[in-house]
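J.: Dropping a prediction and its sequence here:
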Amino acid sequence: MSKLLSRLLVAGLFAFSVNANAAELKIGYVQVDKILQEAPQTAESGKKLEKEFAPRSQELERMQKQIKDIETSIDKDALTMAEADRKNKERDASNLKIDFQRKQRELREDVNLRKNEELGALQDKINKAVTAVSESEGYDLVVYGGVAYANKKIDITDKVLKSLGKK
């Protein structure tokens, strides 16, 4: 029984290898990390986000300076300042710190949301570029993402980057 099974297995593998050679597959690989780093849209997206959030970042910088100025004033004038004035300034500094931390957290969250939106849009462009290159060059299979090894001769990353640069 085992001899019959092994003969069938060998015959099946032989038939598969004959068919695989007859219909040769053209396979490509794309390095997504490289595309995300080098695509012109990545730099454009970064500049766009920086410009979009610059006013809020500047406001946080002003608040931080204001907190530091109040704390410096408290330290400098501690000996000559009335107790009530010192407590008022400390309360003001404490309230500013709380407001600063809240605004800082909100800014971080908003920046992360926008980065994710921009990344999603870039991924759509990458997918379209991969599809365009794959179809125009007759690839049967293109893999990107978690690949343990890919030979450089099937790497089409530079072609996809070139395609992204045209748009």
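T.: Great, that's in hand. Residues are numbered from 1 along each chain as shown.

J.: ranges for the helices of this protein?
T.: 2-22, 32-38, 40-76, 83-136, 157-166 (DSSP state H).

J.: now the shortest one: how far from the chain's centre is it?
T.: What it means is helix 32-38. Centroid separation between helix 32-38 and its chain, computed with Cα atoms, centre = their mean, to the nearest Å, is 9 Å.

J.: quick one: buried residues of it?
T.: 32, 35 (16 or more other Cβ atoms under 10 Å). (Each C-beta comes from the backbone N, C-alpha and C, glycine too.)

J.: counting contacts, what elements does it pack onto?
T.: helix 83-136, helix 157-166 (3 or more Cβ pairs under 8 Å, 6 or more residues apart in numbering; DSSP states H and E).

J.: Next up, the contacts around the nearest residue to residue 126 once chain neighbours are set aside.
T.: Ranked by Cβ to Cβ, 6 or more residues apart in numbering and with sequence neighbours excluded, the top spatial neighbour of residue 126 is residue 35, at 5.7 Å. By Cβ atoms under 8 Å, 6 or more residues apart in numbering, the contact list for residue 35 reads 126, 157, 160-161, 164.
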